[in-house]
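Quick one, structure for this:
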Amino acid sequence: MMRGLAMALDTWHENTIEHRRQRDVCSRVLNRMMMRGLAMAFDTWHDNSTELRRQRDVCSGVVNRMMMRGLAMSFETWHDNASELRRTRNVYANVIGKMTQRGLSIAFDTWAENTSEQMRQKHVCSK
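Now for the predicted structure:
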């Protein structure tokens, strides 16, 4: 009878150890499954937050461009006016230059005519 009781106690002890081992294995499997779900949830959150950040940056850029549009248009108008002023100054300079050179051209033509006339007269007198 003691032998049967000892065998029963050994069997109970082995079953208890096996039961603990199986419980630990099941616990690890469940933890892995739960961690997988948690990892998937984290990945989804990360993807969503990244997309929201990208959308916020795009919207911010659009708003900034809209706000800067007036400034850009003002700068473009100033640039166009400055270019037109530069072109007008060049035209005026060319006109004044031609007027100045016209007087110089008339003086040169008069000198050339006078020189030709003097040479002609010398040639006529020397005959």
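
Helices of this structure, residue ranges please.
2-125 (DSSP state H).

Residue ranges in it under the pLDDT threshold?
Low-confidence segments of the chain, defined by pLDDT under 70: 127.

which residue is nearest the centroid of this protein?
G61 (10.0 Å; C-alpha atoms, centre = their mean).

With A82 as the reference, measure out to that one.
29 Å (C-beta to C-beta, to the nearest Å). Where you see a C-beta, it was placed from the backbone N, CA and C, and this is true even at glycine.

And for R53, the neighbour number?
10 (other C-beta atoms under 10 Å).

Next one: it from M73, what distance?
31 Å.

Check L104 too.
L104 is 46 Å from M73, by C-beta to C-beta.

do the same with F108
F108 is 52 Å from M73, by C-beta to C-beta.

and what of V63?
V63 sits 17 Å away from M73, going by C-beta to C-beta.

can you check A41 too?
When A41 is compared with M73 (using C-beta to C-beta), they lie 48 Å apart.

L38 now?
Using C-beta to C-beta, we find L38 at a distance of 53 Å from M73.

And for T11?
Relative to M73, and taking C-beta to C-beta, T11 is found at 92 Å.

same check, this time on S105
In terms of C-beta to C-beta, S105 sits 47 Å off from M73.

count of neighbours near M119?
Applying other C-beta under 10 Å, we find 10 residues neighbouring M119.

Ignore what I typed, I meant Q118.
10.

Can you tell me how far it is from A112?
Taking C-beta to C-beta, one finds Q118 at 11 Å from A112.

Next: L71.
Where A112 is concerned, L71 sits at a distance of 60 Å (C-beta to C-beta).

cool, and R28?
Distance from R28 to A112, by C-beta to C-beta: 114 Å.

T11 too?
140 Å.

Equivalent analysis for E84, please.
The value you get for E84 to A112, if C-beta to C-beta is used, is 41 Å.

show me what contacts D24?
For D24, the contact set (C-beta atoms under 8 Å, 6 or more residues apart in numbering) is empty.
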